[in-house]
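[1] build me a model from this:
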Amino acid sequence: MSTKATIETASWRPLRMIRDPLSWRAAVYLLGSMAVGLFWFVFLVTGTSLAAGLLIIWVGVPLAALLMVAWRGGAMLERQLMRAAFGVRIPTPYRRLPEGGVFTKWRTMAGDLATWKDFTYLVLLFPITLLEFVVSVSMWAFVGILVAAPAIALTPGGVEINFGVPYWADDPVTALPLSLLGLALVLPALYTSRIMGIGHVTVARFLLGPSESQAEARALRARADHLQASRARGVDAAEAERRRIERDLHDGAQQRLLAVAMDIGRARAKLEDDPEGARALIEQAHAGTREAIAELRDLARGIYPAILTDRGLDPALSSLAARAPVPVEVQVDLDERPPAAVESIAYFIVAESLANVAKYARATRAAVQVMRQDQWIVVEVSDNGVGGATALPGGGLSGLADRAATIDGILTVDSPAGGPTVIRADLPCAW
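    Numbers count the residues shown, from 1 in each chain. Coordinates of the predicted model:
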């Protein structure tokens, strides 16, 4: 599943950098952020000095409280600016404010380390943005002058650039090499902006984001919530499957067996008076019995295939591939059989994926690969179809992701428009 690019993860390829709006948003932020840094530096230095001086007459206490609320608000705004300019989302690290009066909440804010990290960031913002501003203005002004050299050359006096050796142009044609040089320097300027942006984000993430312990706690809570939701959906899916099996038994095999019992009863009544009619009924009952057995066999295969239990994953997947409508290459590289739960989940992931290939992919071939990587079983199903597969809520792929999550596994879908499609499941061998 794709994630939105940030300044840290965006492509460094020249053409992509030039086309990427993120590169230009970062450059604009670096040019304009000094005004924000200067404001907060003056505001905080003046405010803290005034509050400290007035503490002796107690007026400084409410002033300090208001100042703290203000810089917290400034830090919140900076997190939004980091997201807008650099595509980076910095989680809010604050403790939850308790119930109670204003003084109780202010005391909690004052005792929160994140509050003072916000203060440190806003004070340091001015020298950081001053450096970024000087570098950015010098760089982009030079690039802009070079690009505009043909227009500047039309003014009285022409244009002169000193590269160690002066270059003077008094007409657009003579100034054209300068313009071409300026266009060539746009890319180095973007690279420089990218590097400064990454440095700025690093400082912001350290001072405005959660601490390492907070980040670990958030990750654990998110993981627990994800597993709880996945397992709840797994329970719902299992209940739906149980109802489906009950319905299939009632509407299928049970009705056929009931018809068989009625045919045998009628045949017994006709056995002496109408032997030929009894024989026809017995043959009809025999055919019904065979059909019921076939339905029960298909139903059992859908619950848990016997070949998987008896012979393992490789023969079971080969059996699935043999029934697929397109050629499927199967490669299973396992030294030993994984746990039964892993085998079952791997089997049904491949089964659902091959079913999707047959229904939607319009593929001419597919491949299944199963391998061991450390403590993980990796299952990959790929096809050369039209792509565009997504794990929609309530869909088959979403159900596979929930099934994998019941053992802390991960399912990813890579299916760009036009293909190819790769469905990968990482399943732990031990939990």
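[2] among the helices and strands of this structure, which has the poorest mean pLDDT?
    Ranked by mean pLDDT, DSSP states H and E, the weakest helix or strand in the chain is helix 212-248, scoring a mean of 64.
[3] which SSE is immediately downstream of it?
    helix 254-270 (DSSP states H and E).
[4] what's the average pLDDT for that next one?
    Helix 254-270 shows a mean pLDDT of 72.
[5] pull the CA atoms of it into PDB?
    What follows is helix 254-270, C-alpha atoms only, in PDB (Å, rounded to 0.1, in the frame of the first residue of the first chain):
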ATOM      1  CA  GLN A 254     -29.200 -32.400   3.500                       C
ATOM      2  CA  GLN A 255     -31.900 -32.000   0.800                       C
ATOM      3  CA  ARG A 256     -30.200 -34.600  -1.400                       C
ATOM      4  CA  LEU A 257     -29.900 -37.100   1.400                       C
ATOM      5  CA  LEU A 258     -33.600 -36.400   2.300                       C
ATOM      6  CA  ALA A 259     -34.500 -37.100  -1.400                       C
ATOM      7  CA  VAL A 260     -32.400 -40.300  -1.200                       C
ATOM      8  CA  ALA A 261     -34.200 -41.500   1.900                       C
ATOM      9  CA  MET A 262     -37.600 -40.800   0.200                       C
ATOM     10  CA  ASP A 263     -36.500 -42.700  -2.900                       C
ATOM     11  CA  ILE A 264     -35.400 -45.700  -0.900                       C
ATOM     12  CA  GLY A 265     -38.700 -45.600   1.000                       C
ATOM     13  CA  ARG A 266     -40.700 -45.600  -2.200                       C
ATOM     14  CA  ALA A 267     -38.500 -48.300  -3.700                       C
ATOM     15  CA  ARG A 268     -39.100 -50.500  -0.700                       C
ATOM     16  CA  ALA A 269     -42.900 -50.000  -1.100                       C
ATOM     17  CA  LYS A 270     -42.700 -51.000  -4.700                       C
END
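[6] helices or strands up against it?
    Secondary-structure packing of helix 254-270 (3 or more CB pairs under 8 Å, 6 or more residues apart in numbering; DSSP states H and E): helix 275-303. For glycine as for every other residue, the C-beta is placed from the backbone atoms N, C-alpha and C.
[7] next, the distance between the ends of stretch 81-96.
    Counting by CA to CA, to the nearest Å, you get 23 Å between the two ends of stretch 81-96.
[8] list the contacts of that stretch.
    Residues from elsewhere that reach stretch 81-96 (CB atoms under 8 Å, 6 or more residues apart in numbering): 4-8, 10, 22, 25-26, 28-29, 33, 36, 72, 76, 79, 108-109, 112, 114-115, 117, 197, 200-201, 204-205, 208-211, 214-215, 218.
[9] can you flag which of those residues belong to strands?
    The strands, defined by DSSP state E, take in nothing from these.
[10] what about the closest residue to residue 55 other than its chain neighbours, how many residues nearby?
    Spatial nearest neighbour of residue 55, excluding adjacent residues (CB to CB, 6 or more residues apart in numbering): residue 61 at 6.7 Å. Counted with other CB atoms under 10 Å, the neighbours of residue 61 add up to 14.
[11] in the stretch 51-200 of the chain, which spans are helices?
    For the stretch 51-200 of the chain, helices defined by DSSP state H, counting those that start in this stretch occupy the ranges 60-86, 102-110, 113-147, 149-152, 172-208.
[12] who's in contact with the second one?
    Right, the one you point to is helix 102-110. Helix 102-110 is contacted from outside by 65, 68-69, 72, 94-95, 97-98, 115, using CB under 8 Å, 6+ apart.
[13] swap the cut-off to 10 Å and go again
    61-62, 64-66, 68-69, 72, 94-101, 115-116 (CB atoms under 10 Å, 6 or more residues apart in numbering).
[14] filter the residues you listed down to the buried ones and hand me the ChimeraX line.
    Per 16 or more other CB atoms under 10 Å, the buried members of the contacts of helix 102-110 correspond to this ChimeraX selection:
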select :64,65,68,72,94,115
